[in-house]
Every structure is written in structure tokens, then in C-alpha cells.
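Chemist: I'll drop the sequence and a predicted model, then ask my questions.
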Amino acid sequence: MSLTNRLSVIAALAVAVAVVAVSALAFLLVREELYRQLDAQLDADARTIATQPEQWMARAPVKPAFPDEVPGEWHRFDKGDIGPQWQIISIKGVVNTSALPITEATLAVLEGRAVRSRETVPVDGEQLRMVTLRLDDRGTIQVAQPLDPLNNTLRRLALLLALGCLGGAALAALLGRSVARAGLAPIHQLTGAVEKVAATRDLQTAIPVHGKDEVARLAGAFNGMLAALTASRAAQRALVEDAGHELRTPLTSLRTNIELLVRAEADPDRVLPAQDRVRLMQDLETQVVELTQLTNELVDLAREETSPEEAELVDLADVVAAAIDRARSRTAVPIEADLVTAELTGRPGALERLVLNLLDNAAKWSPAGGRVVVRLRDGGEQIELTVVDEGPGIDDADRLRVFERFYRSAAARAMPGSGLGLAIVAQTVAQHGGAVTAERAPAGGALLRVLLPSHS
């Protein structure tokens, strides 16, 4: 069932419940009022007879047929000014055939245990409303009137109310459907725009935003999502293109060296000198290492973009210490650390890769006998991490570009590496709301400074 139909049904049901409740209350109130008016009329008739009971008794025949347990006499008046039926029960002990029943309530009035009673009684297949009134010590007066007119009125009222309920529910359904269509029109437009984007895969198509209501916010959120998807697609395309370009060179070199070795093995007349063979094998090993490193860095970069780990409260000092332990197993360059406790909300794995890339970069550029110094400080609002090496430093023209993907300065082209390490650093820092800069160390060499927001 569509949302429009559901809203129409909900509106119809809500109105139907409300109308039924109001109609039921109205029916009960009208019924109560009709009974009250009938009882009041019967009371008035009884009081009229009570003013001159002898005259009314003289207008009806008397026969000794009253039950023995209730001595007295009664009179019946079938038609006249006072109700369709009435009777007087006296203490003379003579009665004719009674048309009105002697009930327990009547006996209570006759015996003086009650002054008046009101009840509905069956007489000859029809329901009568009967009032019994005590006539001092002379007996009681019973006045009754058929309920058929009142019940017919109530049935007509019930029918009208039922028709009103059905009509109200139908009208509510129509109005609800109209209101739902009008209210959901922006949703339908938004759905059409989103379906068009899904069908054409054109993420540049912006969804129109009108007003400032919830639908407009939803459209704005979709536009934000499309912008994020566009940026992600562009980043993926750039990553694939750059990766293909960067992988092509080592793969070509690797293939060339392997083909050279294969041809030398296949042609007995072209035996490679042992020195050349060793050099080729060393080149192959170096190229495989570089290719492996490049692949790992591409995987790290793609992982950070597609499925970042959950953030948690971490002590950056522990993360840096773990990265230093890993770096020391990969390089002979001494690494000195000056760390303090510094808590932040972040992703431990990504932060450790960040620090490890900084250390690998510093170790790569450190000369023989050089060292790498790592310092961690918590400034309250910001955490500062610096990594200093004793290498040649970074030229002023390259300081802003060293964090670009696959960028390698003229000096770096002679060194192993892919140009992705510092790009991963910059991406991770940005994802944690921080900043990274490349500077010249006071004593020479490069100083890479990372600023991250502190948890405190």
C-alpha cells in the first residue's frame, strides 16, 4: 500500500473513530433525554389522576379479579387525555382484568416501601414505560405508555448517525487523500529526482530544494550525499589513474629485467657475467620491495577512504610508542622519543600508520650516523606531534606539495618510495580534524609537525 493510501486510511479511521464516539455519546444523551421527558410526562399524568382519583375510578368498570396477595381495585383507561393506559389500585379488593402488570416495584410502592417507581414492562408483546405513584393511603396509580414511538425515534436517529459516520469517514478519506497528495508532492518530486540520478548515474544532478521544511532538509541531505559521492568517485578515479601510472614504471622495469634474465638463460651463447647477474637480481629484489610497498600504501589509502575504523578514546603516546617499535624493526636509524600522555578521540590503527609513515620518511632521509627525534606534547586544546630528522630537509618550493599523492621532488626521485606515505599522513590528519605542516628543523633536516584536537 502506498504512503498516500495509508495516510488516507489513517485519516478515515481517525475520523470514523471520532465520529462514532461522538455519535454514540449523542445517541445516549438523546435517549436519556427522551426517557427523561417520557418519565416526566408520565409523572405529570399520575399527579393529574391523583388530584381526583374517584372521578377517574368511576370511568372504568370494577371486577373482583385482583390477585389475593394484593387486595384492592384497579381501573383501566384505554384512550383519552391521560396516556394510552392507566390503572388505580385501591384497598376495596375488587378489580377487573389488569392490563398493566403488578411488578415487584409496584408492590414496593403499594406496600409503602417506595414512593415512586419507573420501569419498562412487557404488555401484550410490546414494551411500555410505566410509572407507579403512591396515592397516600388509598392505593397506587399506574400510568404507562408504549415505547414504540420513542424506539422508532431512536432507530431513526441511530440510522442517521450511522449514515453520518459512514459519510464522515468517506469524506475524511477523500480529504485525507487530497491532503496527502498535496503534502507528499515534494516527496514524489524528490523520489523522481533520486530515481533519475540512480538511473543515469549522473551525480552532478542536483535535487531542487524549495523552502525550509523537512522535505527541503531531506533534499539538502541528498544533495550533500551526492556531493560526497561525487568527491569519493573523483578521488577513486584519481587514485586508480595515479596508481596505474605509478605501477607502470616499476612493473615495466621488473618485466625488462626478468626478460633479460630469461633470454640469457635461454641462449647459451649469451651468458651474463656473474657481476651483471648479481646486479640484476639486486635490482629485481629492490623493485619487488618498492612494488610491495607501493601496493601496501595504495591498500592503506583505499582502506582509509572506503571503510575507516570506529573512533575511540586513545592515548596518542601509546600509539606513537607502538609505531616506534615497528619502525625500529624496519630501520637501523636510531629513533629517540620524548612522549607525554595525550588523549584524543581517534582511530588507533590509522593514527599508528600516520606515525609510522612519518618515521619511515624521516629514516629514509637520515644520513649515516643520523637520528630521528619524536616529541609529543599536549597543549590543552591541541596535541602536537613533531618528527625531526637530520637529512637535507625539504625545499621551500616542495613543502606544500609533499603531501600530494604520488608527488616526488627532484631529490626524492633518486630515493626509494612511492610518494604516498605523506599523502596518507595528510589524509589521516584531516580525517581527525587536525593539520600537518612540513618545516625546516632549526639544526637542519626536515621537521614534520602534526596538530590534532585534544580530548580535554
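Modeler: On my side now, so go ahead.
Chemist: how about the CA coordinates for stretch 422-430, as PDB?
Modeler: The C-alpha trace of stretch 422-430 is given here as PDB (Å, rounded to 0.1, in the frame of the first residue of the first chain):
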ATOM      1  CA  LEU A 422      53.000  11.700   3.400                       C
ATOM      2  CA  ALA A 423      49.700  11.700   1.400                       C
ATOM      3  CA  ILE A 424      48.300   9.100   3.800                       C
ATOM      4  CA  VAL A 425      49.600  11.200   6.700                       C
ATOM      5  CA  ALA A 426      47.700  14.300   5.400                       C
ATOM      6  CA  GLN A 427      44.500  12.400   4.800                       C
ATOM      7  CA  THR A 428      44.500  10.800   8.200                       C
ATOM      8  CA  VAL A 429      45.200  14.100   9.900                       C
ATOM      9  CA  ALA A 430      42.400  15.800   8.000                       C
END
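Chemist: need the contact list for Leu272.
Modeler: By Cβ atoms under 8 Å, 6 or more residues apart in numbering, the contact set of Leu272 is 261, 264, 280. Where you see a C-beta, it was placed from the backbone N, CA and C, and this is true even at glycine.
Chemist: Pull up the gap between it and Asp283, please.
Modeler: Separation of Leu272 from Asp283 (Cβ to Cβ, to the nearest Å): 13 Å.
Chemist: Buried subset of the contacts of Leu272 as a ChimeraX selection?
Modeler: Listed next is the ChimeraX selection for buried residues among the contacts of Leu272, using 16 or more other Cβ atoms under 10 Å:
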select :261,264,280
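Chemist: In JSON lines: the contacts of Leu272, plus distance to Ala108.
Modeler: JSON lines is the format used below for those (distance: Cβ to Cβ, whole Å):
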{"residue": "Leu261", "distance to Ala108": "126"}
{"residue": "Ala264", "distance to Ala108": "131"}
{"residue": "Leu280", "distance to Ala108": "127"}
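Chemist: Looking at the contacts of Leu272, which gets the smallest pLDDT?
Modeler: Within those, pLDDT reaches its minimum at Ala264, with 75.
Chemist: Now it. Nearest residue, chain neighbours left out?
Modeler: In this structure, Ala264 finds its nearest non-sequential neighbour in Leu272, 4.6 Å apart by Cβ to Cβ, 6 or more residues apart in numbering.
Chemist: Mind telling me what element that neighbour is part of?
Modeler: Assessed by DSSP states H and E, Leu272 sits outside every helix and strand.
Chemist: How about Ala193?
Modeler: Using DSSP H and E, Ala193 falls within helix 148-200.
Chemist: for that helix, what is the average pLDDT?
Modeler: 82.
Chemist: immediately after that helix, which helix or strand?
Modeler: helix 214-266.
Chemist: Thr386 and Ile335: what is the separation?
Modeler: In terms of Cβ to Cβ, Thr386 sits 13 Å off from Ile335.
Chemist: what does Leu29 give?
Modeler: Distance from Leu29 to Ile335, by Cβ to Cβ: 91 Å.
Chemist: neighbour-wise, which of the two wins?
Modeler: Ile335 (20 against 10; other Cβ atoms under 10 Å).
Chemist: coming back round to it: check the residue nearest to Ala264 and give its pLDDT.
Modeler: pLDDT, Leu272: 71.
Chemist: what do you get for Ile82?
Modeler: pLDDT at Ile82 comes out at 47.
Chemist: With Val355 instead?
Modeler: At Val355, the model reports a pLDDT of 93.
Chemist: quick one: the strands in the stretch 301-450 of the chain?
Modeler: Listed from the start of the chain, the stretch 301-450 of the chain has strands (DSSP state E, counting those that start in this stretch) covering 312-315, 335-338, 343-346, 372-378, 382-388, 435-440, 446-453.
Chemist: Tabulate those in CSV, adding columns for mean pLDDT and distance to Gln287.
Modeler: Listed next are these as CSV, based on pLDDT from 0 to 100; distance: least, Cβ to Cβ, whole Å:
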stretch, mean pLDDT, distance to Gln287
strand 312-315, 93, 37
strand 335-338, 94, 27
strand 343-346, 93, 35
strand 372-378, 94, 26
strand 382-388, 94, 28
strand 435-440, 92, 28
strand 446-453, 94, 26
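Chemist: Columns distance to Leu42 on top of the ones you listed, output as JSON lines?
Modeler: Shown next, in JSON lines, are those (distance: least, Cβ to Cβ, whole Å):
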{"stretch": "strand 312-315", "distance to Leu42": "84"}
{"stretch": "strand 335-338", "distance to Leu42": "106"}
{"stretch": "strand 343-346", "distance to Leu42": "84"}
{"stretch": "strand 372-378", "distance to Leu42": "95"}
{"stretch": "strand 382-388", "distance to Leu42": "93"}
{"stretch": "strand 435-440", "distance to Leu42": "95"}
{"stretch": "strand 446-453", "distance to Leu42": "88"}
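Chemist: any low-confidence regions in the stretch 201-350 of the chain?
Modeler: Within the stretch 201-350 of the chain, the ranges that satisfy pLDDT under 70 run 239, 241-247, 249, 269-271, 290, 293-294, 297, 300-309.
Chemist: How is this protein divided into domains?
Modeler: The chain resolves into domains spanning 1-51+147-195, 57-146, 203-307, 308-453 when parsed by automatic domain parsing.
Chemist: How many residues are close by Ala11?
Modeler: Other residues near Ala11 number 21, with proximity taken as other Cβ under 10 Å.
Chemist: Report the contact partners of it.
Modeler: In this structure, Ala11 makes contact with 172-173, 175-177, 179-180, judged by Cβ under 8 Å, 6+ apart.
Chemist: Scan these and report the most crowded one.
Modeler: That'd be Gly176 among the contacts of Ala11, by other Cβ under 10 Å, with 23 neighbours.
Chemist: which residues does that one contact?
Modeler: 7-8, 10-12, 15.
Chemist: Which helix or strand contains the nearest residue to Gly176 once chain neighbours are set aside?
Modeler: Among residues not flanking Gly176 along the chain, Ala11 sits closest, at 2.8 Å (Cβ to Cβ, 6+ apart). According to DSSP H and E, Ala11 maps onto helix 3-51.
Chemist: and that helix, average pLDDT?
Modeler: 85.
Chemist: Report the inter-axis angle for that helix versus helix 148-200.
Modeler: For helix 3-51 against helix 148-200, the angle by axes from the mean of the first three to the mean of the last three Cα atoms, to 10 degrees is 170 degrees.
Chemist: Can you report how many residues neighbour Val450?
Modeler: Counted with other Cβ under 10 Å, Val450 comes out at 25.
Chemist: State the distance from it to Arg399.
Modeler: 15 Å.
Chemist: again with Ile10
Modeler: Per Cβ to Cβ, Ile10 is found 64 Å from Arg399.
Chemist: can you check Thr230 too?
Modeler: On the measure of Cβ to Cβ, Thr230 and Arg399 end up 30 Å apart.
Chemist: who has more neighbours, those two?
Modeler: A count of neighbours by other Cβ under 10 Å puts Arg399 above the other of Thr230 and Arg399, at 16 against 13.
Chemist: That one and Val436 touch, don't they?
Modeler: No. Counting by Cβ atoms under 8 Å, Arg399 does not reach Val436; the two are 11.0 Å apart.
Chemist: Number of residues surrounding Ala50?
Modeler: Per other Cβ under 10 Å, the neighbour tally for Ala50 reads 17.
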